[in-house]
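S.K.: Give the three-dimensional model of this entry:
(2 chains, ligands or ions: 3)
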Amino acid sequence: MMHDLPETPAPAPGHFNLLGRVLHWAMAIGIMAMLFIGVGMMSSLSLRPWLIDLHQPLGIAILVLALLRLANRLLRAVPPLPASVPRWQAAAAHASHWLLYLMMIALPLLGWAVRSAGNWPVILMDGWMLPAIVPENPVLYAWLRLAHGIGAWLLFALLLGHIGAALVHAWIFRDGVFSSMARGSRTRVSRLPDN
Amino acid sequence: MQARKFKTIWFPLAAIAVIVGGLALLFAWAAGLLGDRTTTRTFLGNTLQEFEPGYRRAHGKGVCFTGVFHSSGAASSLSKARVFSQQDIPAIGRFSIGSGDPHAADTSTSTVSMALLLTADDQSQWRMKLNNAPYFPTRDAEGFLAQRSAFEPDPATGQPDPARVAAFFEKYPEARKAVEYKATAPWPRSFAGAQYNVINAFVLLAADGKRQAVRWSMRPHATLPGLSAEERAKAGHDFLFEDIKQRSANGSLYWDLVLQLAEAGDPVDDPSQPWPPERQQVVAGTLEVTSVRDQAEGGCRDINFDPTLVPSGIELSKDPVLAARAGIYSHSYNARLREIGFGKATQAIGKKDGE
Ligand code: HEM
Ligand code: HEM
Ligand code: HEM
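M.R.: Ligands and ions are numbered 1, 2, ... in the order given. Sure, this is the predicted structure:
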């Protein structure tokens, strides 16, 4: 009978859970948009006021979602990479994913701190402001502003690598890595090869 | 075999390279690093890298002031912004001259300016930069670059090339009146007697949802005649700055904040077109300047008086020059704060040479 069988550990999931997937794709769009909004508001002659009004609430929303996503990631099982992935690639994947988490949290905090150090209000919506998180100070402003700018460019570079790798898995290796983020599992078996 | 390898490896690999490379190029373009479109950095040229550290890239010679804005309440029906109803609002600001060189003589330009930051008790901020000029020469920001290059002296003659000046006026006919105005406008005798104009339009938002396009001016209580040519020839290198320190030491100085209300059909989004003088005016309050201090220590040094930072109850118009200024100012501000923050600035932060 079923309950007479010896206990086996729950099989590893073949896919990221629904919350993880929804957050991944929603935030992928949001973060890509933020990067373009950021450099766009520093260069555009016409869009700057509109873009900076968008940059701050969207950035704070990403901070909140990133914390939720981190909790989901730490509390829920994630699919292992297939055995066909060489060890160095798996290590690179893990390191870059944690680096992405770090950036998703640190970058908005830095942006918020930049505004605070320059005594600028962080306006979320008409009349809705966040308090300052660091004191007003020109030295702090200079360093934080530099860190936010460099951090954003590093994040963009990291994402290019991330997207490239994801597409290599999807179109060349076809090893189920892409579908583990792209769709859910109907059955609780481990990863199936794409296609 | 070959064909299969092409289909399963080389073709997808090329597609991935195109996607990733395309994203990188798009990003570089958005940042203004690719292509030669005009960006906010174009306006600052090499001053972002090469400039006396810590100084504003324009209007660098200035002095800080503090004071109080006493609102009259008369504008509170036009805008729900707290600044129009709170009685006394702390103000910090700056007087400056329009020269690019932070050590220019006060007679080097007839442009004098006021910058102001009001912080109301709901923590909302209202920042503004005002000039004594009544309007901007051109209808857009690109016109500023066109004018600058058209009037660049020809190295052979030391004079602007008339053909290029004519071509500029052809493209920006509206600029004639600003150029003519500048040639005949009175030279300021004191910061205390100048009227400072916002030039770009904004929109006031009332509690009942009504919208009213406005421009405003700081109209001085002091009435002072302009400086004659002889007086100007004799005026000292820093006469405006010495004058304002002296005057403010003898008591407060006052300006009325005068709103000019647009009517239907007025050119709201064109900073080169003043509105008819008979438009209704509302005195929203009075700025009292109580003290003046050197900019190295007076608290205005590290502020970007970004005119696009307005409180809830005031909105930006679609004036293209207003939008362009936001990014331009940010680059100047970031550059000078970087120099101060990284210890490169000397005179700008009040260090004597050799200190
Ligand atoms: C633009 C912002 C993006 C960020 C910040 C981001 C971040 C991450 C992170 C942190 C993970 C680890 C899984 C997790 O904890 O959620 C992950 C996994 C993944 N991402 Fe992204 N991602 C982005 C965009 C993309 C895009 C555009 C693609 C597709 C082309 C993609 C494809 C994948 C795939 C396939 C995985 C699963 C990898 C695995 O199984 O380990 N991501 N992403
Ligand atoms: C995922 C989050 C974020 C991303 C990807 C991001 C990205 C960027 C980028 C690419 C730039 C332009 C950098 C440069 O060209 O030097 C920038 C500038 C900036 N960001 Fe963010 N940002 C984020 C969050 C935030 C948040 C939450 C705030 C504030 C609440 C913020 C405030 C700023 C400010 C003040 C600037 C500089 C504006 C200036 O110097 O005029 N950012 N950001
Ligand atoms: C496209 C045209 C313009 C350019 C390129 C330009 C450029 C600049 C720059 C680079 C600064 C230094 C900013 C800083 O470091 O904080 C400055 C300051 C200033 N500008 Fe403009 N500006 C333009 C139009 C205007 C207009 C239309 C006004 C009219 C009200 C104006 C009024 C001022 C004032 C008052 C200051 C001094 C601000 C202070 O004391 O902090 N500018 N300008």
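
S.K.: And for residue 169, nearest residue in space, chain neighbours not counted?
M.R.: Going with chain A. In space, and not counting its chain neighbours, residue A:169 is closest to residue A:177: 3.9 Å by C-beta to C-beta, 6 or more residues apart in numbering or on different chains. Quick note: C-beta positions are derived from backbone N, CA and C, even for glycine.

S.K.: other chain: chain B
M.R.: residue B:176 is the one closest to residue B:169 (C-beta to C-beta, 6+ apart), at 5.9 Å.

S.K.: What are the buried residues along whatever helix or strand that neighbour lives in?
M.R.: According to DSSP states H and E, residue B:176 maps onto helix B:175-184. Within helix B:175-184, the residues that count as buried by 16 or more other C-beta atoms under 10 Å in any protein chain shown are B:175, B:178.

S.K.: Just checking that helix against ligand 3, any contact.
M.R.: No. Helix B:175-184 does not reach ligand 3 (C-beta under 6 Å from any ligand atom); its nearest approach is 10.8 Å.

S.K.: outside of that helix, which residues touch it?
M.R.: For helix B:175-184, the external contacting residues (C-beta atoms under 8 Å, 6 or more residues apart in numbering or on different chains) are B:110, B:133, B:134, B:135, B:136, B:137, B:138, B:143, B:147, B:168, B:169, B:272.

S.K.: Get me the contact residues on chain B for ligand 2.
M.R.: B:330, B:334.

S.K.: go with 5 Å
M.R.: Within reach of ligand 2 by C-beta under 5 Å from any ligand atom, chain B has these residues: residue B:330.

S.K.: Would you mind giving the domain segments of chain B?
M.R.: Domains of chain B are assigned by automatic domain parsing as B:60-139+B:184-319, B:140-173.

S.K.: Figure out how far the helix holding residue B:176 is from the centre of its chain.
M.R.: Computed by C-alpha atoms, centre = their mean, to the nearest Å, the chain-centroid distance of helix B:175-184 equals 19 Å.

S.K.: what do you get for stretch B:288-297?
M.R.: Relative to its parent chain, stretch B:288-297 has a centroid offset of 19 Å by C-alpha atoms, centre = their mean.

S.K.: Going by neighbour count, which residues in it are buried?
M.R.: Buried residues in stretch B:288-297, counted by 16+ other C-beta under 10 Å: B:288, B:289, B:292, B:295.

S.K.: Tell me the one of those residues nearest residue B:152?
M.R.: Minimum distance to residue B:152 across the buried residues of stretch B:288-297 is 29.6 Å, recorded for residue B:295 (C-beta to C-beta).

S.K.: pLDDT at the closest one, what is it?
M.R.: On the pLDDT scale, residue B:295 is placed at 96.

S.K.: just residue A:64 next, same as before
M.R.: At residue A:64, pLDDT is 98.

S.K.: Just name the most buried of the domains of chain B.
M.R.: Sort these by mean neighbour count, taking mean count of other C-beta atoms under 10 Å in any protein chain shown, and domain B:60-139+B:184-319 sits at the top with a mean of 19.

S.K.: Check the separation of the first and last residues in it.
M.R.: By C-alpha to C-alpha, to the nearest Å, the extent of domain B:60-139+B:184-319 from end to end equals 25 Å.

S.K.: swap in stretch B:267-287?
M.R.: This stretch, stretch B:267-287, spans 28 Å end to end (C-alpha to C-alpha).

S.K.: what mean pLDDT does it have?
M.R.: Average pLDDT, stretch B:267-287: 98.

S.K.: For the stretch 251-355 of chain B, which segments are assigned as helices?
M.R.: With helices called from DSSP state H, counting those that start in this stretch, the stretch 251-355 of chain B shows them at B:320-341.

S.K.: of all of it, which residue lies closest to ligand 3?
M.R.: Taking C-beta to the nearest ligand atom as the measure, the stretch 251-355 of chain B has residue B:332 as its residue closest to ligand 3, at 3.3 Å.

S.K.: on that earlier part again, list the residues that contact the residue nearest to residue A:169.
M.R.: The contact partners of residue A:177, taken as C-beta under 8 Å, 6+ apart, are A:81, A:82, A:85, A:166, A:169, A:170, A:191.

S.K.: At the contact with chain B, which residues of chain A appear?
M.R.: A:35-36, A:39-49, A:52, A:118-121, A:126-127, A:129, A:138-143, A:145-146, A:156, A:160, A:163-164, A:167-168, A:171-172 (C-beta under 8 Å from any C-beta of the partner chain).

S.K.: before we move on, the earlier item: include distance to ligand 1 when you put the domains of chain B into JSON lines, please.
M.R.: What follows is the domains of chain B, written out as JSON lines (distance: least, C-beta to the nearest ligand atom, whole Å):
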{"stretch": "domain B:60-139+B:184-319", "distance to ligand 1": "29"}
{"stretch": "domain B:140-173", "distance to ligand 1": "33"}
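
S.K.: how about these in CSV, adding distance to residue A:89?
M.R.: Listed next are those as CSV, based on distance: least, C-beta to C-beta, whole Å:
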stretch, distance to residue A:89
domain B:60-139+B:184-319, 46
domain B:140-173, 49
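
S.K.: returning to that earlier point: right, and out of the contacts of residue A:177, which lies closest to ligand 2?
M.R.: Nearest to ligand 2 among these, with distances taken as C-beta to the nearest ligand atom, is residue A:166, at 18.8 Å.

S.K.: what's near enough to touch the closest one?
M.R.: For residue A:166, the contacting residues are A:177, A:178, A:181, by C-beta under 8 Å, 6+ apart.

S.K.: in what helix or strand does residue A:134 lie?
M.R.: Going by DSSP H and E, residue A:134 is not part of any helix or strand.

S.K.: Check which element follows the host helix or strand of residue B:11 along the chain.
M.R.: Assigned by DSSP H and E, residue B:11 belongs to helix B:11-30. Sequence order places strand B:62-71 as the next helix or strand after helix B:11-30, per DSSP H and E.
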